[in-house]
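*Asks:* Just need the structure, nothing else, for what follows:
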Amino acid sequence: SWEELVQAQVAASRSPAWAPLNELGPETHGSLVEIILKSLYVQRDALREHIDAAQQRFATVAQPLAERLGIVAAQFFQEAEALQSKSARVARVLEDPRWANDFARLRCMFSGIIRTADDGPLAQWSRRFVIENMATKWVEMAAAAVVYVTKLGLTSPVSVAARGIISDILRLVGQYVHDQLTMTPAAELNPVWRSCDRILQVFKQLHSYISANRSSGKVDEQEWAVDVLELLRMLTNMPERDALDFSEDTGGENGQDQISVVAVVLQGTQLVFPLIDQKLLQYEGVAEQLYKLLVTLIQCYPEQVTQFQGSSFLPLVNALEFGVKDHRVVVARAAFEAIAALADFHGSHTRQGGAGLAGNLRPWGPSKPSVLLHLLQQVFNFVVFQTFDSSLLNPAANAMLALIVCEQEAFGPMVDQILLSQSDAAQRERLSRAFRALVQDNGFQPAYNLQGRRAFQKNLLAFASEVRGFLRTN
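*Replies:* Have a look, this model is predicted:
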């Protein structure tokens, strides 16, 4: 019967060997927990006694899992502490197949519980259960796993297993952020932000150690790309939830100070950007997610992004330049959207008396072109010289317009320089007419608004049709 199945799950949670369900694999066991808990679904307006009975049955199934996780975590913490203090030199927990089985099953079961948090009281119980254990046990296990890596070295089989533990926990946190963050009440977000910040700090420690010890061991690039992709997804989802809190009370709970999601996202971004090189961008999904994050950051937190220190801001500029040149349509489109958002912020902010990009406007020196002029040159080169999908012309036009509005004084000299590069007088005159039409036809006014964008898109289409043929052959 169904009741016997529930009792079997409770008994398995308390059995060292997970009997009588020990024949189930971890993923199947996780799905079983999901099915059992979904059977407890009740409507929000159900009778109080029905809600109370369902909540009691939820606790009957979930509480043994929390207790089992506590035991597994305690064993891990104890050995990590011994390794840290050098009172132990041999790591046995990660070599124990029973501990590995416990960890895998619990991770899959918690993943199943996250999937039950769709609606009604059950969603609230599931979220609170996962959040509490995620903040106090799961992410702390990831932090403890770093100790195994740093103490045993990159080549140790135990160290490889510890990196797997970190990756699995990152995916669990990422699953919650992706699936449940927008549904989490503002008053319950603090431990979620704390968990995200903790896992980001874990990867900061791990990357620092790997960078300093590359000669002593090789890291699997595919696995590293998967982890970086998960970090990018997590960072992209966090600002989207933060944007929903404009009318909510986000004060800390239980007297705790509220964690700033802006600070967590920006610090995480500055951590992740240096992890990404051109080789990593070739892995499926990494480049697309990176540029989605860039657009989200610049649209949600433009002022904070422009206050990055030079060492953090320049990688952002380099990423935008790389995106403009990338052959993937989704990457190039996102790069243009990010450039347009960045330039529009600078223009509107300076018109209101603000600093805009401030010190980051000329990171290469006061006598060098500004970041915006440099990006304008890159977008112009894309339109004129690069082979691209026609659907990218309008996003490129929007980025180019936003940059021209900011750099009106520098745009004229840039055009003059391009004209002087043409040795043929007839072609130089033809190009000059095309530039005049670009900024005059269709009632164009240099303003980054809907009317200006529509006019400039038409003008850029005509400009590209006119000049691409002879400029690309010169």
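*Asks:* what's the longest helix in this structure?
*Replies:* helix 48-84 (DSSP state H).
*Asks:* could you give the mean pLDDT of that helix?
*Replies:* Helix 48-84 carries an average pLDDT of 94.
*Asks:* That one - contacts with which helices or strands?
*Replies:* Other elements packing on helix 48-84 under the criterion 3 or more Cβ pairs under 8 Å, 6 or more residues apart in numbering; DSSP states H and E are helix 2-14, helix 26-38, helix 97-115, helix 120-133, helix 139-152. Using the backbone N, CA and C atoms, a C-beta is placed for each residue, glycine as well.
*Asks:* and the direction of that helix versus that of helix 26-38, what angle?
*Replies:* Angle of helix 48-84 versus helix 26-38, following axes from the mean of the first three to the mean of the last three Cα atoms, to 10 degrees, is 150 degrees.
*Asks:* Distance from the chain centre to helix 48-84, please.
*Replies:* Helix 48-84 sits 29 Å away from the centroid of its parent chain (Cα atoms, centre = their mean, to the nearest Å).
*Asks:* list the buried ones in that helix?
*Replies:* Residues of helix 48-84 classed as buried: 51, 54-55, 57-58, 61-62, 64-66, 68-69, 72-73, 75-77, 79-80, 82-83 (neighbour count, 16 or more other Cβ atoms under 10 Å).
*Asks:* can you check stretch 236-243 too?
*Replies:* For stretch 236-243, by 16+ other Cβ under 10 Å, it's 236-239, 241-242.
*Asks:* next one: stretch 185-197
*Replies:* For stretch 185-197, a neighbour-count test (16+ other Cβ under 10 Å) marks 186, 189-197 as buried.
*Asks:* what do you get for stretch 364-380?
*Replies:* For stretch 364-380, the neighbour count (16+ other Cβ under 10 Å) marks 369-380 as buried.
*Asks:* ok, now stretch 160-170?
*Replies:* Residues of stretch 160-170 classed as buried: 160-163, 165-170 (neighbour count, 16+ other Cβ under 10 Å).
*Asks:* tell me which of these is nearest to residue 94?
*Replies:* For the buried residues of stretch 160-170, the residue nearest residue 94 by Cβ to Cβ is residue 161; the value is 4.5 Å.
*Asks:* Nearest spatial neighbour of the closest one, chain-adjacent residues omitted?
*Replies:* residue 94 (4.5 Å; Cβ to Cβ, 6 or more residues apart in numbering).
*Asks:* Specify the local secondary structure of the one you found.
*Replies:* helix (DSSP: H, G, I helix; E, B strand; the rest coil).
*Asks:* re the thing from before, ok, the buried residues of stretch 236-243 vs residue 131, which is closest?
*Replies:* Checking those against residue 131 by Cβ to Cβ gives residue 241 as the nearest, at 13.4 Å.
*Asks:* Could you pick out which of the buried residues of stretch 160-170 are located in helices?
*Replies:* Filtering the buried residues of stretch 160-170 for helices - DSSP H - leaves 160-163, 165-170.
*Asks:* between those residues, which is nearest residue 104?
*Replies:* residue 168 (8.0 Å).
*Asks:* So that closest one versus residue 276, what's the distance?
*Replies:* 22 Å (Cβ to Cβ, to the nearest Å).
*Asks:* on that earlier part again, which pair of the buried residues of stretch 185-197 spans the longest distance?
*Replies:* 186 and 197 (17.1 Å).
*Asks:* pLDDT weak spots in the chain?
*Replies:* 87-89, 214-218, 243-257, 310, 472-474 (pLDDT under 70).
*Asks:* Next up, the contacts around the residue nearest to the spatial centre of it.
*Replies:* Residue closest to the average C-alpha location in the chain (Cα atoms, centre = their mean): residue 232, at 2.4 Å. Applying Cβ atoms under 8 Å, 6 or more residues apart in numbering to residue 232 gives the contacts 272, 286, 289-290, 292-293.
*Asks:* In terms of helices and strands, where is it?
*Replies:* Taking DSSP states H and E as the criterion, residue 232 maps to helix 221-242.
*Asks:* picking that back up, going by distance to residue 431, which of the buried residues of stretch 236-243 wins?
*Replies:* The nearest member of the buried residues of stretch 236-243 to residue 431, counting by Cβ to Cβ, is residue 236 at 40.8 Å.
*Asks:* thought that closest one was touching residue 289?
*Replies:* Yes: judged on Cβ atoms under 8 Å, residue 236 makes contact with residue 289 at a distance of 6.7 Å.
*Asks:* And residue 159, how close does it get to residue 230?
*Replies:* 20 Å.
*Asks:* Residue 411 now?
*Replies:* Taking Cβ to Cβ, one finds residue 411 at 41 Å from residue 230.
*Asks:* ok, how many other residues are close to residue 98?
*Replies:* Residue 98 is flanked by 11 other residues according to other Cβ atoms under 10 Å.
*Asks:* ok, now which ones touch it?
*Replies:* Contacts of residue 98 by Cβ under 8 Å, 6+ apart are 16-17.
*Asks:* ok, back up a step: now for the contacts of residue 232, which pair is the farthest apart?
*Replies:* 272 and 292 (12.9 Å).
*Asks:* So residue 222 sits against residue 284, correct?
*Replies:* No: applying Cβ under 8 Å as the test, residue 222 and residue 284 come out as separate, 10.1 Å apart.
*Asks:* Now render the buried residues of stretch 185-197 as a markdown table, adding distance to residue 418 and secondary structure.
*Replies:* Converted to a markdown table, the buried residues of stretch 185-197 look like this (distance: Cβ to Cβ, whole Å; DSSP: H, G, I helix; E, B strand; the rest coil):
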| residue | distance to residue 418 | secondary structure |
| --- | --- | --- |
| 186 | 52 | helix |
| 189 | 51 | coil |
| 190 | 54 | helix |
| 191 | 55 | helix |
| 192 | 51 | helix |
| 193 | 48 | helix |
| 194 | 52 | helix |
| 195 | 52 | helix |
| 196 | 46 | helix |
| 197 | 47 | helix |
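*Asks:* Closest one of those residues to residue 30?
*Replies:* residue 195 (19.6 Å).
*Asks:* Need the CA coordinates for the helix or strand harbouring residue 459. PDB is fine.
*Replies:* Assigned by DSSP H and E, residue 459 belongs to helix 450-473. Extracted C-alpha coordinates of helix 450-473, given in PDB (Å, rounded to 0.1, in the frame of the first residue of the first chain):
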ATOM      1  CA  LEU A 450      12.500  54.500 -29.900                       C
ATOM      2  CA  GLN A 451      12.300  57.000 -32.700                       C
ATOM      3  CA  GLY A 452      16.100  57.500 -32.900                       C
ATOM      4  CA  ARG A 453      16.700  53.700 -32.900                       C
ATOM      5  CA  ARG A 454      14.200  53.100 -35.700                       C
ATOM      6  CA  ALA A 455      15.600  55.800 -37.900                       C
ATOM      7  CA  PHE A 456      19.200  54.700 -37.300                       C
ATOM      8  CA  GLN A 457      18.400  51.100 -38.000                       C
ATOM      9  CA  LYS A 458      17.100  52.100 -41.500                       C
ATOM     10  CA  ASN A 459      20.100  54.300 -42.100                       C
ATOM     11  CA  LEU A 460      22.600  51.700 -41.000                       C
ATOM     12  CA  LEU A 461      21.000  49.100 -43.300                       C
ATOM     13  CA  ALA A 462      21.400  51.500 -46.300                       C
ATOM     14  CA  PHE A 463      24.900  52.400 -45.200                       C
ATOM     15  CA  ALA A 464      26.000  48.800 -45.000                       C
ATOM     16  CA  SER A 465      24.400  48.000 -48.400                       C
ATOM     17  CA  GLU A 466      26.200  51.000 -49.900                       C
ATOM     18  CA  VAL A 467      29.800  50.600 -48.500                       C
ATOM     19  CA  ARG A 468      30.400  47.000 -47.600                       C
ATOM     20  CA  GLY A 469      31.100  45.900 -51.200                       C
ATOM     21  CA  PHE A 470      34.000  48.300 -51.900                       C
ATOM     22  CA  LEU A 471      35.400  48.700 -48.400                       C
ATOM     23  CA  ARG A 472      35.800  44.900 -47.900                       C
ATOM     24  CA  THR A 473      37.700  44.600 -51.200                       C
END
